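>>> sequence and predicted structure, then a few things I'm wondering about:
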Amino acid sequence: MKDLRDFVKRCEEEGELKRITAEVDWNLELSHVAKLNEEHAGPALLFENVKDYRSPVLTSACTTTSRLALIMGMDKKSSLVDLMREWVKRTANKLPPKWVDTAPCKENIDRGDKVNLFKFPVPKVYPMDGGRFFGTADFVLTKDPKSGWVNIGTYRLQVLDEKTLGTQFIKGKHADIMLKAYAELKQPMPVAAVVGADPLLFLMGAARLPAFESEYEFAGAIRGHPIEVVKGETVDLPIPASAEIVIEGEVDPVAMKPEGPFGEYTGYYSGIGTTPRPFIKVNCITHRTNPIFWLSTVGRAVTDTHMTMALTYGATLWQGLEAMRIPGIKSVYCPPEGAGRFLAIISVKQMYPGHAAQVGTAAISTEMGAYGLKTVIVVDDDIDAWDLPRVLWALSFRFQPSRAEFIKRGRSTPLDPSLPIDSRDITSRLIIDATIPYEWKEKPVPIELDKEMVKRVQARWGELGL
Ligand SMILES: Cc1cc2nc3c(=O)[nH]c(=O)nc-3n(C[C@H](O)[C@H](O)[C@H](O)COP(=O)(O)O)c2cc1C
Ligand SMILES: [Mn+2]
């Protein structure tokens, strides 16, 4: 799969996509169709007749595990945990991107006065949103001025006017770290914001990889071939050759414009009123002819964004634990209901006293866990991390509150509605060890059915009238 068009085609072949030919308004109507469609696990939608526009909008691409599997190039019947396990396995062999000279993303080039973000059918999603958000299924490319490390990060982008995009680079995110490096040099930060291309790059943009790691190399690892990139027109950044729309511009590290609010994945608006934030001054736009604009819905769980994060945050937590070489990790599950980021469940085969405790503290020390993860539940390996009824059983019959660890201070997300709106930098955490302590000499004796009796009863099932 090379681009979004391949993905649309694959979805169509698999009965996973519906084309909407009736006219739909970009102002609230389109997002509401998508959200209601997602509430009953409907197909991906390609809106071909958006009011005032001629080019299409794709939504709900990542809403189901089956479509995430198609993006990963895996069997449609794979479970979310299968996808994460495969992600961790494949990312062991990183592959750098490959430069090409010509690319479909250069079919149309707009500079100077021709630059106009309203050229694209950017939807307005929720009633109290501060405007139309160009970036929901996007990713932003930036380069560290000192080391040359290129980052891909998925960050929301609001259309402020024809040539300006508001950003929300949350503190400590890689674009934020890089912007601070440009601030020291007193230089603007060149950026490229991309919509479309291989949909895996959007997932990579949302993955919680550590600093100095290249999302391109991990995408290459998952694909098994390098991602093709081309030089920007005005920025020295590797642009995905097959991108639908590329916004080239720069961020002044000290200038701010009001941004937001936006109805977020927490089910709440990101703030009350606007917040001053850095913005992208757009210098050039390149796009394919009849570009597919792509929207990822947000809002009350579960939406497209929740499923995306359940996969990408869950996989990078697992990847982080593997990188620490902790033995015995059986499965990791970050429920989509928690947007894959506030709650993590980890199943471990304990091998020594304190092993489960190590897993819990390690989880909150990974790149993913150190940021906003509030609750970690560790269960024994007889329970699958995604098997929520069994996890609740362990919470009832194995967990002892005095063995929980309460951590007072950790890095938070400003979007967490459980914290007061003006003090969301720091969160507390809870590590719930719901395992049976390894060192116990006498452990509770589990009830197993008598095997012979099971056979006998099964043989008599019909006779018993059952
Ligand atoms: C649809 C979607 C929208 C997101 N919007 C933002 C955002 O506006 N700001 C932000 O800091 N992170 C946002 N994230 C989370 C980041 O993509 C994620 O934390 C990622 O690790 C950032 O990349 P980085 O680690 O290279 O900084 C979003 C994720 C998704 C899936
Ligand atoms: Mn990164």
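Nice, I can see it. Ligands and ions are numbered 1, 2, ... in the order given.

>>> what's the end-to-end length of stretch 103-111?
End-to-end span of stretch 103-111 (C-alpha to C-alpha, to the nearest Å): 18 Å.

>>> that one - what's its average pLDDT?
For stretch 103-111, mean pLDDT is 98.

>>> again, but for stretch 235-242
Averaging pLDDT along stretch 235-242 gives 98.

>>> buried ones in it?
Of all the residues in stretch 235-242, those buried under the rule 16 or more other C-beta atoms under 10 Å are 235, 237-242. C-betas here are computed from N, CA, C, even on glycine.

>>> and stretch 217-231, what's buried?
217-223, 226-230.

>>> got a pLDDT number for the residue of the stretch 251-400 of the chain found nearest ligand 2?
The stretch 251-400 of the chain approaches ligand 2 most closely through Glu367 (8.8 Å), counting by C-beta to the ion. pLDDT recorded at Glu367 is 97.

>>> residues near it, how many?
Neighbours of Glu367 under the rule other C-beta atoms under 10 Å: 17.

>>> ok, Gln350 next?
Neighbour count of Gln350, defined by other C-beta under 10 Å: 21.

>>> thinking again about what came up before, so which of the buried residues of stretch 235-242 belong to strands?
Judged by DSSP state E, strands contain the following of those: 238-240.

>>> tell me which of those is nearest to ligand 2?
Nearest member of those to ligand 2, counting by C-beta to the ion, is Pro238, at 14.2 Å.

>>> picking up where we left off before, thought the residue of the stretch 251-400 of the chain closest to ligand 2 was touching Pro210?
Yes - look at Glu367 against Pro210 with C-beta atoms under 8 Å: they come within range, at 4.5 Å.

>>> now do the shared contacts for those two.
By the contact definition C-beta atoms under 8 Å, 6 or more residues apart in numbering, Glu367 and Pro210 are jointly contacted by Gly320.

>>> residues near the spatially closest residue to Gly15 that is not a sequence neighbour, how many?
Nearest residue to Gly15 in three dimensions, chain neighbours excluded: Pro43, at 7.5 Å (C-beta to C-beta, 6 or more residues apart in numbering). Residues lying near Pro43 (other C-beta under 10 Å) number 20.

>>> contact partners for Pro43?
11, 15-18, 37, 60.

>>> quick one, grab the pLDDT at it.
For Pro43, pLDDT reads 98.

>>> Asn290 too?
98.

>>> enumerate every residue touching it.
54-56.

>>> helix, strand or coil: sort out Lys408 for me.
strand (DSSP: H, G, I helix; E, B strand; the rest coil).

>>> likewise for Phe202?
Classified using three-state DSSP, Phe202 is helix.

>>> report all helices and strands that the longest helix along the chain contacts.
The residue-count maximum for a helix in the chain (DSSP state H) belongs to helix 304-323. When contacts are defined as 3 or more C-beta pairs under 8 Å, 6 or more residues apart in numbering; DSSP states H and E, helix 304-323 sits against helix 65-72, helix 80-90, helix 199-206, strand 329-333, strand 343-348, helix 355-363.

>>> let's see 10 Å
When contacts are defined as 3 or more C-beta pairs under 10 Å, 6 or more residues apart in numbering; DSSP states H and E, helix 304-323 packs onto helix 29-39, helix 65-72, helix 80-90, helix 199-206, helix 215-223, strand 329-333, strand 343-348, helix 355-363.

>>> angle of the first one against helix 304-323?
Interaxial angle of helix 29-39 relative to helix 304-323 (axes from the mean of the first three to the mean of the last three C-alpha atoms, to 10 degrees): 60 degrees.

>>> does ligand 1 have contacts with helix 29-39?
No - using C-beta under 6 Å from any ligand atom, helix 29-39 stays clear of ligand 1, coming no nearer than 13.2 Å.

>>> adjacent strands (with direction) for the next helix or strand after that helix?
Going down the chain from helix 29-39, the next helix or strand is strand 44-47, by DSSP states H and E. Here strand 44-47 is paired, per DSSP bridges, with strand 17-20 (parallel), strand 57-59 (antiparallel).

>>> quick one: buried ones out of the contacts of Pro43?
Neighbour counting with 16+ other C-beta under 10 Å marks 11, 16-18, 37, 60 as buried within the contacts of Pro43.

>>> what is the most widely separated pair among those?
Greatest spatial distance in the buried ones among the contacts of Pro43: Cys11 and Asn37, 13.7 Å, computed using C-beta to C-beta.

>>> now for the two: what residues contact both?
Counting by C-beta atoms under 10 Å, 6 or more residues apart in numbering, the contacts common to Cys11 and Asn37 are 18, 43-44, 60.

>>> could I have the buried ones of the contacts of Asn290 as PyMOL selection syntax?
In PyMOL, this line selects whichever of the contacts of Asn290 come out buried by 16+ other C-beta under 10 Å:
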select buried, resi 55+56
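
>>> among the contacts of Asn290, which lie within helices?
Assigned to helices by DSSP H, none of the contacts of Asn290 qualify.

>>> and the contacts of Asn290, which is closest to Ile383?
Once C-beta to C-beta is applied, the member of the contacts of Asn290 that ends up nearest Ile383 is Pro56, at 44.2 Å.
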